[in-house]
Each structure stands twice: as structure tokens, then as C-alpha cells.
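Asks: requesting a structural model of the entry that follows:
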Amino acid sequence: MDDKSFTIRVPKRWVRISMIVGATALIVAPLTAIATHTFNDVPNTHTFHEDIEWLEASGVTKGCNPPTNTLFCPNDFVTRGQMAAFMERFAGYLGAKDGTPAQADNAATADNAKTLDGLEADDFQKVPTTTQHLTIAGTAFTDANGATARTTVSLTSGSTVQWCTRTGGAGERAHAAVHLPQGAVVTRMVVNYGDDPGSGSGNGTTWLTRMPLLANSGYGDIFAVTMPNSAAAIASATDTTPSSVTAATIDNTRYVYNVIALGFQPGNTAICGVDIYYEIAPGFDAAALATGSEGPSSRD
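Replies: Now for the predicted structure:
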């Protein structure tokens, strides 16, 4: 061997040991850097490590050995004074430290929410009760009995021209299905009809009725409009008194509704149209409908 170079021979067993030690150092070093905790007595392996860390980060707890507060004392009992401190700090975390209930920053549905679907309180306005009406054309009526075919006629009264339906004979019924908004309250019904001046007993009656969905009989009348004789070819009659408050409240979950014109005289009597007026209050709900029953109808 000269003075310029030399070779050191290391046993292979030492090389293997060195590699194992190096690899272990690489694994342990990152874990040592990551496995940190606030309190010395709450290591990362503690069952409630994450919960205690959250309490500290939220300001609910500070530690049990002031002023350094390096310990949490996880196995100690909590005194009433400490509990008061915890609750006061937690109220501050929720934004309710002044004693008022905490409010959600935003919520689709929440009591006392600051916003509703992103809208502030000033973005809403109270909607008053609105009155609307449904018009049923005279040509929408069908001859329910079917004994004699109905006819559609054009009647003129002054400058007014209306298309109307005549039934085939005395006692025939003309029906029209009605669909009103759930929870609406009907207030009046106006009937336009073709007068038969030759009839001494008037032109019959038109009803707004309801029938239970789960029954095949038992009509309940809401309005009953009598159509008297008139000198005009087209006359009008109104009923503004529902049979009851319960009946006047539309409940499509329990009933179907129809307009029925009954007792037409053969010849000139005709139904020319019906207007049903109703009110919609904000926030009405079918679940709040009153329950009750009406007396039997004359057509049961």
C-alpha cells in the first residue's frame, strides 16, 4: 500500500446494520415533527387528544397550571368554577356571550337565523291576503245524466254574447270539475245563465259542491245559487254565504270539487259561465284545516 491510496474493508454485517439505522431515522424524524401537542400530559396517543386540542384552539380551555399552562390534567375533576369558565368561553365561541341565543350564519330553515337562503330580513315583505277568482266557461260543462245530449248555444243580451250549455231536458245535470288552490277560502260564486222566461218555476239552482275522495256518495254543498226568471236573455245570480267556514276552506287532500247545475227546464235555460272567488292567505297549510262535517245534501 502506498501513501496515495488505501482501501478500508468493512464487514458486510456492519453495512446492513447501518442501512437499518438510517432507514429508521428517516421514518422517525417526520413522525417526531408531526406528532406535536399543546399539553405535555396529552400525548398524540391519548384517546381524547383531538378533542382537547380543539378545546384549546377554540379558547374554551387554557390549561390547568397557570401561568405556563403546559398541562391539561385530563383525569382531574371539574369544579363548578371551572365549569362556569368553560361555559362562558364556549358562549363566546358561539357568539352568544351577551346571553342572547346564538344565530346561524345562514340556514335553509332555522329559528332566529340571520339569513334565510342567503336573504336578510329586509329582503322579505309581508304579503297580504289576496283575492282571486276562477272562471268556468259555459262550454266547459258536460251533461252528467247523459239521457239527452247537451247542446252548445250562443246567447246575446244587448252587446254581450256568450256561449252557453243547455242540457237535454228537465232535471238534467250539467257538471264542471273545479280545482282550487289548497287552503284557499272561497267567498262567493257568481253564475251567468240563459234565462227561460217561459218557465214559471225559475231556472233551477247551481251548486259548488265537494265530495269525499274515499266515498262514492255524500255531497256537501258550499254555495247554492238560485237562478230566478229575468227579463234579460242572459242573467246573473250570486251567493256570498258559504254553508260553513270548514266547507269554504279548500282541502284537495280529502275532497274533489264540482260545479253542478241542476233542474234546467227543457228549451231555453242554459248555463253560461261561473266565477268562483277565493282568498289566499300567506302561509296557509292544509294541516291546519279545521275538521268538521256538514249536514246531508238534498242530492244524496
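
Asks: so residue 252 is in contact with residue 178, correct?
Replies: No - applying Cβ atoms under 8 Å as the test, residue 252 and residue 178 come out as separate, 10.4 Å apart. In short, each C-beta sits where N, CA and C put it, glycine included.

Asks: of these two, who's got more company?
Replies: Set side by side, residue 252 and residue 178 show more neighbours around residue 178, with 20 against 16, by other Cβ atoms under 10 Å.

Asks: show me the domain layout of the protein.
Replies: The chain breaks down into these domains under automatic domain parsing: 12-122, 130-286.

Asks: least reliable of these going by mean pLDDT?
Replies: Mean pLDDT is lowest for domain 12-122 among the domains of the chain, at a mean of 71.

Asks: which residues touch stretch 181-189?
Replies: Stretch 181-189 is contacted from outside by 131-132, 180, 206, 208, 222-223, 225, 238-240, 242, 245, 248-253, 274-281, 284-286, 289, using Cβ atoms under 8 Å, 6 or more residues apart in numbering.

Asks: mind running it again at 7 Å?
Replies: Contacting residues not belonging to stretch 181-189 are listed as 180, 208, 222-223, 225, 238-240, 242, 248-250, 252, 274, 276-280, 284-286 [Cβ atoms under 7 Å, 6 or more residues apart in numbering].

Asks: buried among those residues? Make that a PyMOL selection.
Replies: Here the buried members of these are turned into a PyMOL selection, burial being counted by 16 or more other Cβ atoms under 10 Å:
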select buried, resi 180+208+222+223+225+239+242+248+249+250+252+274+276+277+278+280+284
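
Asks: give me the subset of the contacts of stretch 181-189 lying in strands.
Replies: 208, 222-223, 225, 238-239, 274, 276-280 (DSSP state E).

Asks: can you give me the strands for the stretch 151-300 of the chain?
Replies: 151-157, 160-166, 173-178, 185-194, 205-212, 220-226, 234-239, 255-262, 270-280 (DSSP state E, counting those that start in this stretch).

Asks: of all those strands, which lies closest to residue 86?
Replies: Nearest to residue 86, of all the strands of the stretch 151-300 of the chain, is strand 270-280, at 50.7 Å by Cβ to Cβ.

Asks: kind regards, and thank you for your time.
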